[in-house]
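>>> No sequence on hand, only this structure:
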């Protein structure tokens with residue numbers, strides 16, 4: 001990175017959000033930008049999560065950019081390696097490589113109120129930028145609970161998002177802590193090779209069958225020859241999920257039928273009534289993320305698997321102790337305990353107007369205008385920001401909506417001209433957030449009787465969007481300048497020329 005480098009836009013992260021922002025900037029004719037990535041390659045969560053069985057639970061043709069269709073998806077639900085390869089192709093096809101700065105983790109971002117620009121310190125150097133697009137994503141920083149005795153555990157410990165590929169699990173006694181989206185993929189993948197697998201479950205998930213299959217050669221050739229067929233497929237997948245939103249957001253009682261289907265799915269694989277009782281949730285389906293797997297329940301029914309319906313409270317040497325008193329000797333502990341979603345570490349590194357950090361601004365809960373702009377942080381836009389998550393569809397749809405907003409944001413700055421910045425008005429942020437939270441009150445995520453990672457420490461849902469993707473796209477089509485304070489850098493006055501009398 002060049003010394004004293006200045007760019008018009010600095011994009012943070014090279015997952016779907018960061019690469020999508022880079023593509024959109026280029027399509028808008030903006031080439032003066034960099035993509036700062038802390039790792040050595042693109043991919044974001046699809047680079048970091050390489051655990052056994054890692055795959056997406058959104059159909060492949062919907063979990064891809066509309067502007068970069070892939071007719072060659074090998075399966076209806078693609079694995080991690082295929083999604084990461086897709087993102088590598090996006091970087092190549094849209095000529096993003098010259099903009100990428102790897103091994104450049106952002107250490108600090110500070111807003112300069114005089115110069116109206118961001119000062120950014122990274123692991124590879126410093127630079128300034130007129131606009132920052134934060135696309136670090138909510139599923140980027142693993143969360144491992146502070147368990148007494150964990151530091152002295154003599155075996156191997158790692159998180160699902162930091163899988164230790166050098167450690168051979170074959171013949172080992174393994175503790176799987178957590179039963180979320182990663183765990184239900186890991187369990188059936190490692191069960192056949194470990195000696196003993198103990199699954200520590202605080203809350204059982206609702207699990208539906210995963211209708212995955214290989215996409216045949218003829219099908220792929222059809223999409224290659226007739227691209228409209230792939231668009232039609234994507235449209236159908238999108239439309240079905242749009243119709244489902246009402247049940248999640250307005251009529252949670254309608255999800256009772258889905259619960260019965262999920263219980264039937266469990267009963268087919270779990271014949272032991274005691275185990276079935278452990279695995280049956282006591283909250284409305286959809287309150288926590290609905291998981292998809294046709295292999296999870298069959299794996300739990302195997303003789304080398306134990307399910308402890310309790311969280312881990314202590315580690316004594318090589319013994320894992322659960323809250324119900326169960327003690328289990330293990331050789332390795334795998335944490336599938338999620339991420340820092342509502343308390344993202346990068347918020348501590350963003351310093352806005354008046355020296356206030358984003359973490360301080362969000363101490364009462366995350367909130368941003370239309371999911372992207374935080375008051376007091378001019379020319380800072382978040383991709384997959386507060387209340388932009390989804391419970392039943394593809395996040396790529398939400399990302400593309402925010403990219404539309406980014407594009408218009410840049411156009412507005414051009415129209416205003418000069419050294420200009422936009423700072424979201426607190427009143428506008430407040431109005432937007434109140435509307436979102438009011439709609440949230442009747443959603444299944446707030447009324448379903450569970451505690452999920454959608455909720456922050458104060459019990460507020462700052463993660464999920466309480467509507468359709470169509471509604472969000474309409475809300476982010478244009479930047480409304482009345483929602484922003486326009487900041488301008490005063491023009492520099494020319495130096496006075498001495499008169500003959502004073503020369």
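It's in. Nothing here was measured: the structure is a model prediction, and the numbers come from that model. Residues are numbered from 1 along each chain as shown.
>>> May I have the secondary structure class of residue 237?
Here residue 237 is helix, with the state taken from DSSP: H, G, I helix; E, B strand; the rest coil.
>>> swap in residue 307?
strand.
>>> mind listing the helices for the stretch 1-150 of the chain?
Assigned by DSSP state H, counting those that start in this stretch, the stretch 1-150 of the chain shows helices spanning 16-27, 45-48, 80-93.
>>> most tightly surrounded among the ones you listed?
helix 16-27 (a mean of 24; mean count of other C-beta atoms under 10 Å). Backbone N, C-alpha and C define where each C-beta goes, glycine included.
>>> Show me what that one is packed up against.
strand 5-12, strand 33-36, helix 80-93, helix 395-416 (3 or more C-beta pairs under 8 Å, 6 or more residues apart in numbering; DSSP states H and E).
>>> right, so these: which one is the most enclosed?
Scoring the helices and strands packed on helix 16-27 by mean count of other C-beta under 10 Å, the most buried comes out as strand 33-36, with a mean of 25.
>>> tell me what that one is packed against?
strand 5-12, helix 16-27, strand 100-101.
>>> looking at the helices and strands packed on helix 16-27, which is closest to residue 273?
Smallest distance to residue 273 across the helices and strands packed on helix 16-27 (C-beta to C-beta): 35.7 Å, for helix 80-93.
>>> right, so of the helices and strands packed on strand 33-36, which gets closest to residue 269?
Here helix 16-27 is closest among those (C-beta to C-beta), at 33.0 Å.
>>> What angle do strand 5-12 and that closest one make with each other?
130 degrees (axes from the mean of the first three to the mean of the last three C-alpha atoms, to 10 degrees).
>>> mean confidence score for helix 16-27?
In this model, helix 16-27 has an average pLDDT of 98.
>>> what's the spacing between that helix and its chain's center?
Taking the mean C-alpha point of helix 16-27 and that of its whole chain, the gap between them comes to 16 Å (C-alpha atoms, centre = their mean, to the nearest Å).
>>> And stretch 7-22, by the same measure?
14 Å.
>>> now swap in stretch 212-219 and tell me
Using C-alpha atoms, centre = their mean, the offset of stretch 212-219 from its chain centre is 28 Å.
>>> tell me which residues of that stretch are tucked away?
212, 215, 219 (16 or more other C-beta atoms under 10 Å).
>>> Turn the helices of the stretch 1-150 of the chain into CSV, including distance to residue 223.
Listed next are these as CSV, based on distance: least, C-beta to C-beta, whole Å:
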stretch, distance to residue 223
helix 16-27, 21
helix 45-48, 22
helix 80-93, 14
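>>> Tell me which of the helices and strands packed on strand 33-36 sits nearest to residue 346.
Among the helices and strands packed on strand 33-36, strand 5-12 sits nearest to residue 346 (C-beta to C-beta), with 7.6 Å.
>>> Show residues contacting the closest one.
18, 21-22, 25, 30, 32-36, 106, 117-118, 120, 125-136, 346, 410 (C-beta atoms under 8 Å, 6 or more residues apart in numbering).
>>> now the buried residues of stretch 212-219 in a markdown table, with distance to residue 68, pLDDT and secondary structure?
Listed next are the buried residues of stretch 212-219 as a markdown table, based on distance: C-beta to C-beta, whole Å; pLDDT from 0 to 100; DSSP: H, G, I helix; E, B strand; the rest coil:
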| residue | distance to residue 68 | pLDDT | secondary structure |
| --- | --- | --- | --- |
| 212 | 22 | 95 | coil |
| 215 | 18 | 96 | coil |
| 219 | 19 | 95 | helix |
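>>> Closest one to residue 366 out of these, please.
Nearest to residue 366 among these, with distances taken as C-beta to C-beta, is residue 212, at 33.6 Å.
>>> Now do the residue nearest to the closest one when sequence neighbours are not counted: how many residues are near it, please.
Excluding the flanking residues, the one nearest residue 212 by C-beta to C-beta, 6 or more residues apart in numbering is residue 77, at 4.4 Å. Neighbour count of residue 77, defined by other C-beta atoms under 10 Å: 18.
>>> Report the contact partners of residue 77.
55-60, 210, 212, 292.
>>> try 7 Å
By C-beta atoms under 7 Å, 6 or more residues apart in numbering, the residues touching residue 77 are 55-57, 59-60, 210, 212.
>>> and what of residue 488?
418-420.
>>> can you pick the most crowded of these?
residue 420 (18 neighbours).
>>> what is it paired to in the beta sheet?
residue 488 (DSSP bridges).
>>> what's the neighbour count on the residue nearest to residue 323 when sequence neighbours are not counted?
Spatially, and ignoring its direct neighbours in sequence, residue 323 is nearest to residue 310 (4.4 Å; C-beta to C-beta, 6+ apart). Residue 310 has 16 neighbours, counted by other C-beta under 10 Å.
>>> quick one: contacts for residue 310?
Counting by C-beta under 7 Å, 6+ apart, the residues that residue 310 touches are 200, 322-324, 326.
>>> Could you tell me the phi and psi values at it?
phi -160, psi 150 (degrees, to the nearest 10).
>>> Now do it against residue 142, distance only.
Per C-beta to C-beta, to the nearest Å, residue 310 is found 22 Å from residue 142.
>>> do the same with residue 291
Counting by C-beta to C-beta - residue 291 and residue 142 are separated by 19 Å.
>>> Please apply the same query to residue 362.
Distance of residue 362 to residue 142, given as C-beta to C-beta: 20 Å.
>>> go on, residue 7?
30 Å.
>>> Please apply the same query to residue 221.
Relative to residue 142, and taking C-beta to C-beta, residue 221 is found at 40 Å.
>>> Over to residue 5?
From residue 5 to residue 142 the distance is 31 Å (C-beta to C-beta).
>>> Likewise for residue 220?
35 Å.
>>> what's the answer for residue 450, then?
Where residue 142 is concerned, residue 450 sits at a distance of 22 Å (C-beta to C-beta).
>>> Looking at these two, which is more packed in?
The neighbour count for residue 450 versus residue 142, taken as other C-beta under 10 Å, is higher for residue 450 (21 against 18).
>>> Assign a three-state SS to the more buried one, would you?
Residue 450 - assigned by three-state DSSP - is coil.
>>> Counting neighbours, what do you get for residue 43?
24.
>>> which residues touch it?
Counted by C-beta under 7 Å, 6+ apart, residue 43 has contacts 15, 84, 87.
>>> now residue 242
468-470.
>>> Look at it and report its pLDDT.
96.
>>> Shouldn't it be within a helix?
Yes - under three-state DSSP, residue 242 falls within a helix.
>>> Distance check, it against residue 365.
Where residue 365 is concerned, residue 242 sits at a distance of 28 Å (C-beta to C-beta).
>>> Over to residue 68?
Where residue 365 is concerned, residue 68 sits at a distance of 34 Å (C-beta to C-beta).
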